[in-house]
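Student: requesting a structural model of the entry that follows:
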Amino acid sequence: MSDEFAYTVEKVLAWDFGSAKTVSGRLTSKSADLRGTARAAATTFDGSLEYWRSDGGRDARESSNAHADAADRSATVIESLASKFDSLLASMEGEIANVRSKKAEALGSEFELAVAGDGEVYSTKSNLEWLKTWKLAYQVKIVQKESLESYLTKEIRGSLRRIEELDKVGSEGLRRMLEKLPDSVKAGAAGHHADPRLAEILREYQVDASTGGARLWPSGDLLDTIRKFDPTFKPTLMTPEEVTMLAEMGAVPVTGWRAVYDFFQIQSKADAVATARHPNAKGEKNSLADGHGDAFRHAYWNALMTERFGEEWTERFATAHEGLGGNPAHREAMDLFNNEVGRRVATEHEGATPDELAALVDQAVTEGRTLVLDKDGEIEWSDEIAKHGTGIAMKTDIPLQAPGR
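Tutor: Prediction:
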């Protein structure tokens with residue numbers, strides 16, 4: 001689900017996991033097919049020693065065994081994915097069952113309770129109406145009513161929060177497992193760009209996934225402090241490196257929370273300005289997914305952060321931001337490259353206003369100094385593809401290893 005998705009009681013109770021429950025079995029079956037096919041091919045090549053003794057035969061046998069080993073390791077990753085998927089699905093179903101049970105308890109209560117979308121449980125009758133009904137028993141009954149409201153609200157909201165964590169954090173955990181695929185498999189999936197410069201960018205602008213699992217942040221006291229000023233503020237999925245950098249920022253006495261809030265406001269501003277300058281075509285998502293709007297957003301976000309927090313901090317954070325698992329190789333290269341363009345714009349125009357930075361970033365997009373994805377999901381210069389003619393990469397794909405490995 002996207003960050004904008006609202007995990008409400010109505011929505012989670014409407015989820016149907018019928019199709020999802022078939023995924024694990026299919027993954028396990030395909031992993032067995034992959035392992036068996038690759039091993040059978042290697043065995044066939046091994047048997048060629050009697051009639052193919054040349055260097056070519058030796059190389060073919062070594063290559064087939066290397067491919068079989070890569071396939072075997074890939075099958076192990078797929079099997080692990082299937083097992084993890086089953087576990088997450090079971091946990092999700094358990095939390096949804098709790099929401100359903102507690103909602104039923106609320107609706108069946110003598111206190112005429114209702115359940116709001118965000119999990120709040122409340123009585124449809126006012127305390128004054130209950131006073132007229134309960135009369136002398138009011139003092140005892142009102143305590144019982146409010147205690148039940150509080151308990152059920154806590155239970156339902158707790159499950160909604162855990163459902164969101166399972167969906168976002170759990171999904172990222174599944175994507176991270178793709179990082180365990182052999183490098184040869186990753187390189188084969190990414191392919192090779194025909195343009196030498198773009199091929200170089202595809203290889204060089206990659207980062208390894210974070211060594212730790214992502215989580216929703218901010219949380220605790222810092223989240224409570226921010227929500228005093230912005231009740232609608234929501235935590236986002238972040239890598240441990242991102243969390244560490246922002247937590248250190250937020251730990252500064254008095255002004256720390258404001259710096260963290262400014263960071264999230266910069267993200268929101270970059271999104272809003274990108275949408276205004278490069279809106280999606282009607283019924284499509286291309287521009288703001290992996291097109292010109294996305295290129296603008298990444299570059300502008302980095303330009304604004306550089307102006308507020310400095311180039312070094314911004315580069316570290318923007319790189320850590322790409323550390324989520326299973327990031328498609330072409331998208332990761334595009335994002336990292338466009339981030340760099342934005343930082344360069346800010347450092348070359350120190351003191352520029354946000355509007356001036358937006359104009360400069362837009363100029364970079366127009367002149368083809370940023371990257372977008374073409375219809376095949378491959379990186380291309382932003383002046384080589386017409387607006388709304390770009391493609392969209394899958395949300396998750398086989399990643400490419402970082403350079404130097």
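Student: which of the helices or strands spans Tyr261?
Tutor: Assigned by DSSP states H and E, Tyr261 belongs to helix 256-277.
Student: run through who's touching that helix.
Tutor: Helix 256-277 is contacted by residues 218, 222, 225-226, 229-230, 233, 236, 246, 249-250, 252, 288, 293-294, 296-297, 300-301, 304-305, 308-309, 354, 358, 362 when judged by Cβ atoms under 8 Å, 6 or more residues apart in numbering. Where C-beta positions appear, they are placed from N, C-alpha and C, glycine not excepted.
Student: can you check stretch 309-321 too?
Tutor: 207, 210, 238-239, 241-242, 245, 259, 263, 301-302, 305-306, 336, 339-340, 343, 346-347.
Student: name the helices or strands packed onto the helix or strand where Ser31 lies?
Tutor: In this structure, Ser31 sits in helix 23-46 according to DSSP H and E. In terms of contacts (3 or more Cβ pairs under 8 Å, 6 or more residues apart in numbering; DSSP states H and E), helix 23-46 is packed against helix 55-107.
Student: would you list the phi and psi of Gly119?
Tutor: phi 100, psi 0 (degrees, to the nearest 10).
Student: I'd say it and Leu160 touch.
Tutor: Yes: with contact defined as Cβ atoms under 8 Å, Gly119 reaches Leu160; the gap is 5.2 Å.
Student: could you break this protein into its assigned domains?
Tutor: In the domain annotation for the chain, the residue ranges read 9-180, 193-381 (automatic domain parsing).
Student: that's a strand at Leu216, yeah?
Tutor: Yes: assessed by DSSP: H, G, I helix; E, B strand; the rest coil, Leu216 belongs to a strand.
Student: enumerate every residue touching it.
Tutor: Counted by Cβ under 8 Å, 6+ apart, Leu216 has contacts 164-165, 168-169, 235-238.
Student: which residues of the protein fall in strands?
Tutor: All strands of the chain, identified by DSSP state E, fall at 113-115, 121-123, 215-217, 236-238, 371-373, 379-381.
Student: most tightly packed of these?
Tutor: For these, the largest average neighbour count (mean count of other Cβ atoms under 10 Å) is found in strand 371-373, namely a mean of 28.
Student: mind listing what's buried along the lowest-mean-pLDDT helix or strand in the chain?
Tutor: Here the helix or strand of the chain ranked lowest by mean pLDDT, DSSP states H and E is helix 220-229, holding a mean of 86. Buried positions in helix 220-229, judged by neighbour count with 16 or more other Cβ atoms under 10 Å: 222-223, 225-226.
Student: re the thing from before, can you tell me which of the contacts of stretch 309-321 are buried?
Tutor: The buried subset of those (16+ other Cβ under 10 Å) comprises 207, 210, 238-239, 241-242, 245, 263, 301-302, 305-306, 336, 339-340, 343, 346.
Student: so of those, which ones are in helices?
Tutor: 241-242, 245, 263, 301-302, 305-306, 336, 339-340, 343, 346 (DSSP state H).
Student: now distance to His321 and pLDDT too, for those residues, in a markdown table please.
Tutor: Written out in a markdown table, the entries for these read as follows (distance: Cβ to Cβ, whole Å; pLDDT from 0 to 100):
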| residue | distance to His321 | pLDDT |
| --- | --- | --- |
| Glu241 | 9 | 96 |
| Glu242 | 6 | 96 |
| Met245 | 10 | 97 |
| Phe263 | 11 | 96 |
| Trp301 | 9 | 99 |
| Asn302 | 10 | 99 |
| Met305 | 10 | 98 |
| Thr306 | 14 | 99 |
| Leu336 | 9 | 98 |
| Asn339 | 8 | 99 |
| Glu340 | 13 | 99 |
| Arg343 | 13 | 99 |
| Ala346 | 17 | 99 |
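Student: now do the contacts for His192.
Tutor: 199, 202.
Student: Lys234 versus that one, what's the distance?
Tutor: Taken as Cβ to Cβ, to the nearest Å, the spacing of His192 relative to Lys234 amounts to 40 Å.
Student: what of Glu204?
Tutor: 34 Å.
Student: same question, Ser83
Tutor: For Ser83, the distance to Lys234 - Cβ to Cβ - is 31 Å.
Student: any low-confidence regions in the stretch 151-300 of the chain?
Tutor: By pLDDT under 70, the stretch 151-300 of the chain contains no weakly predicted segment.
Student: what about stretch 39-49, average pLDDT?
Tutor: Averaged over stretch 39-49, pLDDT sits at 93.
Student: buried ones in it?
Tutor: 39, 42, 45.
Student: distance from that stretch to the middle of the chain?
Tutor: 42 Å (Cα atoms, centre = their mean, to the nearest Å).
Student: likewise for stretch 230-246?
Tutor: 12 Å.
Student: what does that stretch rub up against?
Tutor: Here stretch 230-246 has contacts from 3, 168-169, 172, 210-219, 223, 226-227, 260-261, 263-264, 313, 316-317, 320-321, 323-324, using Cβ under 8 Å, 6+ apart.
Student: which among those end up buried?
Tutor: For the contacts of stretch 230-246, buried by 16+ other Cβ under 10 Å: 168-169, 172, 210, 214-218, 223, 226, 260-261, 263-264, 317, 320-321, 323-324.
Student: my guess is Gly326 meets Gly173, correct?
Tutor: No: the criterion here is Cβ under 8 Å, and Gly326 misses it with Gly173 at 9.9 Å.
Student: who's more crowded, those two?
Tutor: The neighbour count for Gly326 versus Gly173, taken as other Cβ atoms under 10 Å, is higher for Gly326 (21 against 18).
Student: not counting sequence-adjacent ones, nearest residue to Ala41?
Tutor: Excluding the flanking residues, the one nearest Ala41 by Cβ to Cβ, 6 or more residues apart in numbering is Ser64, at 5.8 Å.
Student: before we move on, the earlier item: reformat the ones in helices among the buried ones among the contacts of stretch 309-321 into CSV and put distance to Lys21 next to each item.
Tutor: Output for those, formatted as CSV (distance: Cβ to Cβ, whole Å):
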residue, distance to Lys21
Glu241, 35
Glu242, 33
Met245, 39
Phe263, 40
Trp301, 39
Asn302, 42
Met305, 43
Thr306, 47
Leu336, 37
Asn339, 39
Glu340, 43
Arg343, 46
Ala346, 49
